[in-house]
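K.L.:
Fold the following, please.
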Amino acid sequence: NALYMLIGTPPAPNDPSEVFAWRRKKALDGRLGKGLYVEFSADTDADPDDKQQWAKANPSYPDHTKDDAFDRLKSSLDAHGFRREALGIWDDDTSPEPPLINSDQWTARIGTPAPDPGLICYGVKYSADGTTVGLVVAARRTGGDTGGPVHVEVIAEKPVSDGLEWLTTWLTTRWEKAAQIVIDGRAGSGMLAGALQSAGVGKTTILTPTVGQVIDAHSLFLELVISGRLTHLGQPGLDMEVGRAAKRPIGTQGGWGWAATTEGSIVGLEAATLAAWAAMTTRRYDDDEGGDRIL
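P.N.:
Numbers count the residues shown, from 1 in each chain. Modelled structure (predicted):
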């Protein structure tokens, strides 16, 4: 009987807030189901100086939140920021961004897995709202052709409420043949990494990527698809996630990650991105350069 809460002011256009926005839209459409949605907001055409609208947006005004608080916000924010932060007004909905990978491009990448033995990596991704986790395997031919192709398959996507046992069991019984296990997501990456180490998984096998590495992984995954150096099985769940995945900005230097254009999890695609990146970049298999032999 897990209970989770999303609390906040209306997000700015570049805020990572897809789940928050989806829940609000479901509530306004009457489709929230087992949930409660409460919103305090001024009218969309509110005059920012109208104190009756201030009271509508903030029930604590004027007894607890004073005029000075609103005045300080007005002096520190632009007009759009003040509408969001002080008046609780959401930006107008815009047409969803088209998916980054079109269906023909993705379908053309259906193929057979990499030969066995080969280089194996796993990607684990926890969703931003902490409700779902995905596990994906990536395999690549070793030897002369180190540029690919790399093959990805979704192993499972499950609710976090199912616990860690299935994940730790899968990975601890296979880690010795894996070059890398990449785990990302604030909701559970630290806990899973600790559980794997306690179960005997080698510390150098586990990687919790930096923001820069996550950005690199997304750019590489897209390039692999475009260049024809990635294959997959045509799994319906992963196909669906690819079909609703667009870009969301990460940082201020042009980095990006996946963002769903419609409601639903994309942790399978995100885990596949991490697994493919690990399979293409890890050096742990290369004896000639002193790395760990894992094949």
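
K.L.:
so where's this protein uncertain?
P.N.:
1, 14, 93-98, 116-117, 143-148, 284-295 (pLDDT under 70).

K.L.:
Swap in 50 and give it another go.
P.N.:
94-95, 286-295 (pLDDT under 50).

K.L.:
partners of the strand or helix carrying His151, with directions?
P.N.:
Using DSSP states H and E, His151 sits within strand 150-159. The strands beside strand 150-159 in its sheet (DSSP bridges) come out as strand 132-140 (antiparallel), strand 230-232 (parallel).

K.L.:
the strands in the stretch 51-200 of the chain, which residues?
P.N.:
Using DSSP state E, counting those that start in this stretch, the strands found in the stretch 51-200 of the chain span residues 119-126, 132-140, 150-159, 180-184.

K.L.:
Check which helices and strands the last one sits against.
P.N.:
For strand 180-184, the helices and strands in contact under the criterion 3 or more Cβ pairs under 8 Å, 6 or more residues apart in numbering; DSSP states H and E are strand 119-126, helix 189-198, strand 206-207, helix 267-281. Every residue, glycine included, has its C-beta placed from N, CA and C.

K.L.:
Could you give me the buried positions within the longest one?
P.N.:
To tie it back to what came earlier, the one meant is helix 267-281. 267-280 (16 or more other Cβ atoms under 10 Å).

K.L.:
And that helix, how far out from the chain middle?
P.N.:
Helix 267-281 has its C-alpha centroid displaced from the chain centroid by 12 Å (Cα atoms, centre = their mean, to the nearest Å).

K.L.:
how far off strand 150-159 does it point, in degrees?
P.N.:
150 degrees (axes from the mean of the first three to the mean of the last three Cα atoms, to 10 degrees).

K.L.:
Only alpha carbons, please: show helix 267-281 as CSV.
P.N.:
C-alpha atoms of helix 267-281 as CSV (Å, rounded to 0.1, in the frame of the first residue of the first chain):
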residue,chain,number,x,y,z
VAL,A,267,12.7,3.3,-17.9
GLY,A,268,13.2,0.4,-20.3
LEU,A,269,14.6,2.8,-22.9
GLU,A,270,16.6,4.6,-20.3
ALA,A,271,18.1,1.4,-19.0
ALA,A,272,18.9,0.3,-22.6
THR,A,273,20.7,3.6,-23.1
LEU,A,274,22.9,3.0,-20.1
ALA,A,275,23.6,-0.7,-21.0
ALA,A,276,24.5,0.1,-24.6
TRP,A,277,26.8,2.9,-23.5
ALA,A,278,28.6,0.6,-21.1
ALA,A,279,29.0,-2.1,-23.7
MET,A,280,30.5,0.4,-26.2
THR,A,281,32.8,2.2,-23.8
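
K.L.:
Number the chain from 29, please
P.N.:
Fine by me, first position is 29 from now on; the one you just mentioned is helix 295-309.

K.L.:
Just name the most buried of the strands of the stretch 79-228 of the chain.
P.N.:
For these, the largest average neighbour count (mean count of other Cβ atoms under 10 Å) is found in strand 147-154, namely a mean of 28.

K.L.:
Distance from that one to the middle of the chain?
P.N.:
For strand 147-154, the distance to the chain centre is 14 Å (Cα atoms, centre = their mean).

K.L.:
Alpha carbons only: can I get that strand in PDB?
P.N.:
Output of strand 147-154 as PDB, limited to C-alpha atoms (Å, rounded to 0.1, in the frame of the first residue of the first chain):
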ATOM      1  CA  LEU A 147      30.800  -8.600 -24.000                       C
ATOM      2  CA  ILE A 148      27.800  -8.300 -21.600                       C
ATOM      3  CA  CYS A 149      26.700  -5.200 -19.700                       C
ATOM      4  CA  TYR A 150      23.600  -4.500 -17.700                       C
ATOM      5  CA  GLY A 151      21.700  -1.200 -17.300                       C
ATOM      6  CA  VAL A 152      19.400  -0.500 -14.400                       C
ATOM      7  CA  LYS A 153      17.300   2.700 -14.300                       C
ATOM      8  CA  TYR A 154      14.900   3.900 -11.600                       C
END
